[in-house]
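Participant: Predicted structure and sequence below. I'll ask about it afterward.
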Amino acid sequence: METLHFNDIYKSYPTKHGEPFLVLDNIDLTIHKGEFCTLVGPSGCGKSTLLKLILGQDFATSGQLTIKSTPVGHPDSTRGVVYQKYSLYPNKTVLQNVLMGPYFKIPFWKKQERQNAKDYAIELLTKVKLEKHLNKYPHELSGGMQQRVAIIQALITQPEILLMDEPFGALDPGTREFMQTLLIELWEKYQLTILFVTHDLEEACFLGTRLLVLSQYYTDDRGADFQRGAKFVVDRPLHKEPTSTHIKETAEFAELVESIRHQGFNPAHLQHVTEFDLSHPQSWSTLNSQENNSSH
Ligand SMILES: Nc1ncnc2c1ncn2[C@@H]1O[C@H](COP(=O)(O)OP(=O)(O)OP(=O)(O)O)[C@@H](O)[C@H]1O
(Lines give C-alpha, C1' and ligand atoms only; values in the text may rest on other atoms or scores of the structure.)
Protein backbone atom coordinates (compact mmCIF):
# COMPACT_ATOMS: atom_id res chain seq x y z
CA MET A 1 0.00 0.00 0.00
CA GLU A 2 1.36 3.40 -0.98
CA THR A 3 2.19 5.57 2.01
CA LEU A 4 4.25 8.51 0.77
CA HIS A 5 4.37 9.85 -2.75
CA PHE A 6 6.51 12.64 -4.23
CA ASN A 7 5.41 13.62 -7.72
CA ASP A 8 7.63 16.06 -9.70
CA ILE A 9 8.68 17.93 -6.58
CA TYR A 10 10.87 20.99 -6.99
CA LYS A 11 12.04 23.05 -4.04
CA SER A 12 13.97 26.27 -4.34
CA TYR A 13 14.78 28.95 -1.82
CA PRO A 14 14.75 32.66 -2.66
CA THR A 15 18.12 34.42 -2.63
CA LYS A 16 19.05 38.08 -2.16
CA HIS A 17 20.43 38.17 -5.70
CA GLY A 18 17.18 37.35 -7.50
CA GLU A 19 17.75 33.86 -9.00
CA PRO A 20 16.13 31.25 -6.73
CA PHE A 21 18.47 28.57 -5.41
CA LEU A 22 17.23 25.14 -6.54
CA VAL A 23 17.67 22.44 -3.87
CA LEU A 24 15.37 19.56 -4.92
CA ASP A 25 15.18 18.92 -8.64
CA ASN A 26 12.18 16.99 -9.95
CA ILE A 27 11.90 14.42 -7.18
CA ASP A 28 9.73 11.37 -7.79
CA LEU A 29 9.51 8.82 -5.03
CA THR A 30 6.98 6.33 -3.73
CA ILE A 31 7.41 4.69 -0.33
CA HIS A 32 5.15 1.77 0.54
CA LYS A 33 3.83 0.63 3.90
CA GLY A 34 6.42 -1.39 5.78
CA GLU A 35 9.47 -0.12 3.90
CA PHE A 36 12.53 0.90 5.89
CA CYS A 37 14.20 3.51 3.69
CA THR A 38 17.58 4.87 4.63
CA LEU A 39 18.60 8.19 3.10
CA VAL A 40 22.17 9.42 2.69
CA GLY A 41 23.80 12.16 0.62
CA PRO A 42 26.54 14.76 0.64
CA SER A 43 26.28 17.63 3.08
CA GLY A 44 23.87 20.30 1.88
CA CYS A 45 22.14 18.11 -0.74
CA GLY A 46 18.70 18.73 0.77
CA LYS A 47 17.97 15.84 3.14
CA SER A 48 16.59 18.10 5.87
CA THR A 49 14.66 20.08 3.28
CA LEU A 50 13.05 16.85 2.10
CA LEU A 51 12.06 15.95 5.67
CA LYS A 52 10.65 19.45 6.24
CA LEU A 53 8.41 19.02 3.20
CA ILE A 54 7.12 15.67 4.48
CA LEU A 55 6.52 17.16 7.93
CA GLY A 56 4.66 20.12 6.43
CA GLN A 57 7.11 22.57 8.01
CA ASP A 58 7.87 23.91 4.54
CA PHE A 59 6.19 23.56 1.16
CA ALA A 60 7.38 22.53 -2.29
CA THR A 61 7.83 25.18 -4.93
CA SER A 62 5.95 22.89 -7.32
CA GLY A 63 4.77 19.28 -7.53
CA GLN A 64 2.53 17.13 -5.35
CA LEU A 65 3.39 15.44 -2.09
CA THR A 66 0.80 13.05 -0.64
CA ILE A 67 0.48 10.69 2.32
CA LYS A 68 -1.98 7.90 1.58
CA SER A 69 -3.20 9.94 -1.40
CA THR A 70 -3.99 13.02 0.77
CA PRO A 71 -1.96 16.19 0.11
CA VAL A 72 0.46 16.88 2.95
CA GLY A 73 -0.67 19.72 5.19
CA HIS A 74 0.58 21.12 8.46
CA PRO A 75 2.39 18.81 10.92
CA ASP A 76 0.05 16.25 12.50
CA SER A 77 0.05 12.71 13.88
CA THR A 78 0.30 11.09 10.42
CA ARG A 79 4.05 11.81 10.65
CA GLY A 80 6.25 11.07 13.62
CA VAL A 81 9.74 12.48 13.85
CA VAL A 82 12.87 11.76 15.89
CA TYR A 83 15.81 14.17 15.78
CA GLN A 84 19.38 13.71 16.98
CA LYS A 85 18.67 15.62 20.20
CA TYR A 86 16.25 17.82 22.06
CA SER A 87 13.07 15.91 21.25
CA LEU A 88 12.12 15.65 24.94
CA TYR A 89 10.65 18.23 27.29
CA PRO A 90 13.21 18.58 30.12
CA ASN A 91 10.61 19.34 32.81
CA LYS A 92 8.45 16.27 32.07
CA THR A 93 9.05 12.67 33.10
CA VAL A 94 9.55 9.82 30.63
CA LEU A 95 5.88 8.82 30.83
CA GLN A 96 4.63 12.41 30.68
CA ASN A 97 6.80 13.06 27.61
CA VAL A 98 5.36 10.02 25.83
CA LEU A 99 1.78 10.87 26.78
CA MET A 100 1.91 14.52 25.65
CA GLY A 101 0.75 13.68 22.09
CA PRO A 102 -2.14 11.33 23.01
CA TYR A 103 -3.34 13.48 25.94
CA PHE A 104 -3.40 16.52 23.68
CA LYS A 105 -6.08 14.74 21.64
CA ILE A 106 -8.03 13.03 24.46
CA PRO A 107 -9.95 15.43 26.74
CA PHE A 108 -9.32 14.91 30.48
CA TRP A 109 -12.87 13.67 31.19
CA LYS A 110 -12.43 10.66 28.87
CA LYS A 111 -10.78 8.73 31.66
CA GLN A 112 -10.89 5.26 30.09
CA GLU A 113 -9.35 6.48 26.82
CA ARG A 114 -6.60 8.21 28.78
CA GLN A 115 -6.00 5.05 30.76
CA ASN A 116 -5.77 3.03 27.50
CA ALA A 117 -3.23 5.51 26.15
CA LYS A 118 -1.24 5.23 29.38
CA ASP A 119 -1.28 1.42 29.23
CA TYR A 120 -0.08 1.52 25.63
CA ALA A 121 2.67 4.00 26.55
CA ILE A 122 3.88 1.66 29.30
CA GLU A 123 3.72 -1.33 26.92
CA LEU A 124 5.89 0.52 24.38
CA LEU A 125 8.32 1.79 27.03
CA THR A 126 8.63 -1.76 28.35
CA LYS A 127 9.43 -2.95 24.83
CA VAL A 128 12.46 -0.62 24.84
CA LYS A 129 13.40 -1.64 28.39
CA LEU A 130 12.47 1.63 30.09
CA GLU A 131 9.75 0.28 32.42
CA LYS A 132 11.85 1.05 35.47
CA HIS A 133 12.44 4.66 34.42
CA LEU A 134 8.90 5.93 33.79
CA ASN A 135 9.12 8.68 36.41
CA LYS A 136 12.61 9.90 35.62
CA TYR A 137 13.38 13.22 33.95
CA PRO A 138 15.43 13.39 30.71
CA HIS A 139 18.57 14.68 32.49
CA GLU A 140 18.55 11.49 34.62
CA LEU A 141 18.82 9.29 31.49
CA SER A 142 21.74 8.33 29.24
CA GLY A 143 21.76 9.50 25.60
CA GLY A 144 20.59 6.08 24.40
CA MET A 145 17.73 6.02 26.91
CA GLN A 146 16.66 9.53 25.89
CA GLN A 147 16.55 8.46 22.24
CA ARG A 148 14.47 5.40 23.16
CA VAL A 149 11.96 7.74 24.83
CA ALA A 150 12.03 9.99 21.75
CA ILE A 151 11.27 7.02 19.47
CA ILE A 152 8.33 5.91 21.63
CA GLN A 153 7.12 9.52 21.83
CA ALA A 154 7.02 9.53 18.02
CA LEU A 155 5.49 6.04 17.74
CA ILE A 156 2.68 6.34 20.26
CA THR A 157 0.36 8.20 17.92
CA GLN A 158 0.86 5.40 15.33
CA PRO A 159 2.05 7.64 12.48
CA GLU A 160 1.79 6.51 8.86
CA ILE A 161 5.49 7.22 8.51
CA LEU A 162 8.27 7.62 11.05
CA LEU A 163 10.91 10.17 10.01
CA MET A 164 14.29 9.87 11.70
CA ASP A 165 16.92 12.59 11.24
CA GLU A 166 20.31 11.26 12.40
CA PRO A 167 18.67 9.85 15.55
CA PHE A 168 21.76 7.92 16.66
CA GLY A 169 24.33 10.52 15.53
CA ALA A 170 25.23 11.61 19.06
CA LEU A 171 25.53 8.12 20.60
CA ASP A 172 28.71 6.17 21.34
CA PRO A 173 29.35 3.20 19.00
CA GLY A 174 28.16 0.47 21.42
CA THR A 175 24.90 2.25 22.26
CA ARG A 176 24.43 3.02 18.59
CA GLU A 177 24.59 -0.68 17.63
CA PHE A 178 22.18 -1.55 20.43
CA MET A 179 19.76 1.11 19.18
CA GLN A 180 20.08 -0.09 15.59
CA THR A 181 19.02 -3.65 16.48
CA LEU A 182 16.27 -2.32 18.75
CA LEU A 183 14.91 -0.17 15.93
CA ILE A 184 14.83 -3.16 13.57
CA GLU A 185 12.90 -5.10 16.23
CA LEU A 186 10.37 -2.25 16.61
CA TRP A 187 10.05 -1.92 12.83
CA GLU A 188 9.26 -5.63 12.55
CA LYS A 189 6.92 -5.83 15.53
CA TYR A 190 4.86 -2.73 14.74
CA GLN A 191 5.17 -2.97 10.92
CA LEU A 192 6.48 0.57 10.73
CA THR A 193 7.23 2.62 7.63
CA ILE A 194 10.48 4.48 8.21
CA LEU A 195 12.53 7.13 6.42
CA PHE A 196 15.88 7.31 8.22
CA VAL A 197 18.48 10.01 7.44
CA THR A 198 22.06 9.30 8.39
CA HIS A 199 25.59 10.42 7.49
CA ASP A 200 26.85 6.94 8.28
CA LEU A 201 26.86 4.71 5.18
CA GLU A 202 27.43 1.59 7.24
CA GLU A 203 24.37 2.38 9.34
CA ALA A 204 22.33 3.07 6.18
CA CYS A 205 23.35 -0.22 4.56
CA PHE A 206 22.74 -2.20 7.75
CA LEU A 207 19.34 -0.81 8.74
CA GLY A 208 17.32 -0.36 5.60
CA THR A 209 15.34 -2.48 3.19
CA ARG A 210 15.86 0.26 0.63
CA LEU A 211 18.76 2.68 0.23
CA LEU A 212 18.32 6.14 -1.23
CA VAL A 213 21.15 8.51 -2.10
CA LEU A 214 20.13 12.12 -2.68
CA SER A 215 22.80 14.11 -4.48
CA GLN A 216 23.52 17.23 -6.46
CA TYR A 217 26.62 15.57 -7.94
CA TYR A 218 25.47 14.12 -11.25
CA THR A 219 25.08 15.12 -14.88
CA ASP A 220 22.09 14.70 -17.13
CA ASP A 221 20.99 15.74 -20.62
CA ARG A 222 20.39 19.39 -19.76
CA GLY A 223 23.87 20.68 -20.66
CA ALA A 224 26.81 21.84 -18.56
CA ASP A 225 25.61 25.26 -17.39
CA PHE A 226 22.17 24.18 -16.23
CA GLN A 227 21.45 24.83 -12.54
CA ARG A 228 20.87 21.46 -10.90
CA GLY A 229 19.32 20.61 -7.61
CA ALA A 230 19.57 17.22 -5.91
CA LYS A 231 17.92 14.05 -7.21
CA PHE A 232 17.76 10.49 -6.00
CA VAL A 233 20.79 9.07 -7.79
CA VAL A 234 20.75 5.71 -6.02
CA ASP A 235 17.60 3.78 -5.19
CA ARG A 236 18.34 0.14 -4.54
CA PRO A 237 16.96 -2.70 -2.47
CA LEU A 238 18.93 -3.85 0.58
CA HIS A 239 18.75 -7.35 1.96
CA LYS A 240 19.51 -7.28 5.62
CA GLU A 241 18.89 -10.89 6.68
CA PRO A 242 19.99 -11.83 9.26
CA THR A 243 19.62 -8.76 11.46
CA SER A 244 22.65 -9.56 13.61
CA THR A 245 25.30 -6.82 13.63
CA HIS A 246 27.88 -9.50 12.67
CA ILE A 247 26.80 -8.96 9.07
CA LYS A 248 28.77 -5.69 9.20
CA GLU A 249 31.99 -7.69 9.49
CA THR A 250 31.46 -9.61 6.24
CA ALA A 251 33.31 -8.84 3.00
CA GLU A 252 30.04 -8.40 1.07
CA PHE A 253 28.88 -5.74 3.49
CA ALA A 254 32.19 -3.84 3.21
CA GLU A 255 31.90 -4.04 -0.60
CA LEU A 256 28.38 -2.68 -0.50
CA VAL A 257 29.41 0.28 1.69
CA GLU A 258 32.43 0.96 -0.52
CA SER A 259 30.38 0.92 -3.72
CA ILE A 260 27.87 3.41 -2.25
CA ARG A 261 30.75 5.69 -1.14
CA HIS A 262 31.41 6.46 -4.82
CA GLN A 263 27.80 7.06 -5.81
CA GLY A 264 27.04 10.76 -5.82
CA PHE A 265 29.46 11.77 -3.07
CA ASN A 266 32.35 13.08 -5.13
CA PRO A 267 31.90 16.52 -6.72
CA ALA A 268 34.99 15.87 -8.86
CA HIS A 269 33.44 12.75 -10.40
CA LEU A 270 30.04 13.38 -11.96
CA GLN A 271 28.21 10.40 -13.43
CA HIS A 272 25.23 10.68 -15.71
CA VAL A 273 21.98 10.05 -13.78
CA THR A 274 21.35 6.88 -15.78
CA GLU A 275 24.72 5.38 -14.67
CA PHE A 276 23.79 5.17 -11.00
CA ASP A 277 22.20 2.20 -9.30
CA LEU A 278 18.48 2.76 -9.64
CA SER A 279 17.55 -0.88 -9.42
CA HIS A 280 14.79 -0.68 -6.83
CA PRO A 281 11.50 -1.87 -8.39
CA GLN A 282 9.89 1.43 -7.33
CA SER A 283 12.66 3.75 -8.54
CA TRP A 284 11.70 6.35 -11.13
CA SER A 285 14.03 4.81 -13.71
CA THR A 286 12.53 1.31 -13.34
CA LEU A 287 9.01 2.69 -13.49
CA ASN A 288 9.89 4.83 -16.54
CA SER A 289 11.39 1.88 -18.39
CA GLN A 290 8.30 -0.22 -17.58
CA GLU A 291 6.12 2.56 -18.99
CA ASN A 292 8.27 2.81 -22.13
CA ASN A 293 8.20 -0.96 -22.64
CA SER A 294 4.45 -1.17 -22.24
CA SER A 295 3.91 1.66 -24.75
CA HIS A 296 5.79 -0.26 -27.50
N1 LIG B 1 15.48 28.28 4.76
C2 LIG B 1 16.48 28.25 3.86
N3 LIG B 1 16.73 29.33 3.09
C4 LIG B 1 17.69 29.31 2.14
N5 LIG B 1 18.49 28.24 1.88
C6 LIG B 1 18.29 27.14 2.64
C7 LIG B 1 17.28 27.08 3.65
N8 LIG B 1 17.31 25.85 4.21
C9 LIG B 1 18.29 25.17 3.59
N10 LIG B 1 18.88 25.95 2.64
C11 LIG B 1 19.94 25.52 1.72
O12 LIG B 1 19.45 24.38 1.03
C13 LIG B 1 20.50 23.43 0.84
C14 LIG B 1 20.06 22.11 1.44
O15 LIG B 1 20.02 22.23 2.86
P16 LIG B 1 19.62 21.01 3.81
O17 LIG B 1 19.77 21.47 5.21
O18 LIG B 1 18.31 20.49 3.38
O19 LIG B 1 20.77 19.96 3.43
P20 LIG B 1 21.20 18.60 4.18
O21 LIG B 1 21.40 17.59 3.12
O22 LIG B 1 20.22 18.28 5.25
O23 LIG B 1 22.59 19.02 4.81
P24 LIG B 1 23.44 18.34 6.00
O25 LIG B 1 23.75 16.95 5.55
O26 LIG B 1 24.67 19.19 6.07
O27 LIG B 1 22.57 18.39 7.23
C28 LIG B 1 21.74 24.01 1.50
O29 LIG B 1 22.53 24.64 0.49
C30 LIG B 1 21.20 25.05 2.45
O31 LIG B 1 22.10 26.11 2.60
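Facilitator: Nice, thanks for sending it over.
Participant: Leaving out the residues flanking it, which one is nearest to residue 58?
Facilitator: Distances taken as Cβ to Cβ, 6 or more residues apart in numbering put residue 52 closest to residue 58, at 4.2 Å, once the chain neighbours are dropped. Every residue, glycine included, has its C-beta placed from N, CA and C.
Participant: got the buried residues for the helix or strand that neighbour falls within?
Facilitator: For residue 52, the host element (DSSP states H and E) is helix 47-55. For helix 47-55, the neighbour count (16 or more other Cβ atoms under 10 Å) marks 47, 49-55 as buried.
Participant: I'd guessed residue 202 sits against residue 249; true?
Facilitator: No. Counting by Cβ atoms under 8 Å, residue 202 stays clear of residue 249, with 10.8 Å between them.
Participant: Between these two, which has more neighbouring residues?
Facilitator: For residue 202 versus residue 249, the count of surrounding residues by other Cβ atoms under 10 Å is larger for residue 202: 15 against 9.
Participant: what about the closest residue to the more buried one other than its chain neighbours, which helix or strand?
Facilitator: The shortest distance from residue 202 to any residue that is not its chain neighbour, by Cβ to Cβ, 6+ apart, is 5.4 Å, and that residue is residue 257. In the assignment (DSSP H and E), residue 257 maps to helix 251-261.
Participant: Run through who's touching that helix.
Facilitator: Contact with helix 251-261 is made by 40, 201-202, 204-206, 211, 213, 234, 238, 247, 277, as judged by Cβ atoms under 8 Å, 6 or more residues apart in numbering.
Participant: what residue is smack in the middle of this protein?
Facilitator: Geometric centre of the chain, nearest residue: residue 195, 2.2 Å, by Cα atoms, centre = their mean.
Participant: Please name the bridge partners of that residue.
Facilitator: With DSSP bridges as the criterion, residue 195 is bridged to residue 37, residue 163.
Participant: Distance of it relative to the ligand?
Facilitator: 13 Å (Cβ to the nearest ligand atom, to the nearest Å).
Participant: show me what contacts that residue?
Facilitator: With contact set as Cβ under 8 Å, 6+ apart, residue 195 has these partners: 4, 31, 37, 39, 51, 54, 161-164.
Participant: Could I get the pLDDT score of residue 225?
Facilitator: Residue 225 carries a pLDDT value of 72.
Participant: A helix includes it, no?
Facilitator: No. According to DSSP: H, G, I helix; E, B strand; the rest coil, residue 225 belongs to no helix; its state is coil.
Participant: can you give me phi and psi for residue 153?
Facilitator: Backbone geometry at residue 153, expressed as degrees, to the nearest 10, gives phi -60, psi -40.
Participant: tell me, how many neighbours does the closest residue to the ligand within the stretch 101-250 of the chain end up with?
Facilitator: The ligand sits closest to residue 199 of the stretch 101-250 of the chain, with a gap of 6.5 Å, by Cβ to the nearest ligand atom. Residues contacting residue 199 under the criterion other Cβ under 10 Å number 13.
Participant: Same check on the one 5 residues further on?
Facilitator: Using other Cβ under 10 Å, residue 204 has 23 neighbouring residues.
Participant: What residues does the closest residue to it other than its chain neighbours make contact with?
Facilitator: Distances taken as Cβ to Cβ, 6+ apart place residue 38 nearest to residue 204, at 3.9 Å, with adjacent residues excluded. Applying Cβ under 8 Å, 6+ apart, we find residue 38 in contact with 196-198, 203-205, 207-208, 210-212, 238.
Participant: Can you give me the distance of residue 38 to the ligand?
Facilitator: As judged by Cβ to the nearest ligand atom, residue 38 and the ligand stand 14 Å apart.
Participant: about what we covered before: okay, the contacts of helix 251-261 in JSON lines with pLDDT, distance to the ligand and secondary structure next?
Facilitator: Formatted as JSON lines, these follow (pLDDT from 0 to 100; distance: Cβ to the nearest ligand atom, whole Å; DSSP: H, G, I helix; E, B strand; the rest coil):
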{"residue": "40", "pLDDT": "97", "distance to the ligand": "9", "secondary structure": "strand"}
{"residue": "201", "pLDDT": "95", "distance to the ligand": "13", "secondary structure": "helix"}
{"residue": "202", "pLDDT": "94", "distance to the ligand": "17", "secondary structure": "helix"}
{"residue": "204", "pLDDT": "95", "distance to the ligand": "13", "secondary structure": "helix"}
{"residue": "205", "pLDDT": "94", "distance to the ligand": "18", "secondary structure": "helix"}
{"residue": "206", "pLDDT": "93", "distance to the ligand": "19", "secondary structure": "helix"}
{"residue": "211", "pLDDT": "96", "distance to the ligand": "16", "secondary structure": "strand"}
{"residue": "213", "pLDDT": "97", "distance to the ligand": "11", "secondary structure": "strand"}
{"residue": "234", "pLDDT": "95", "distance to the ligand": "15", "secondary structure": "strand"}
{"residue": "238", "pLDDT": "92", "distance to the ligand": "21", "secondary structure": "coil"}
{"residue": "247", "pLDDT": "85", "distance to the ligand": "26", "secondary structure": "helix"}
{"residue": "277", "pLDDT": "91", "distance to the ligand": "20", "secondary structure": "coil"}
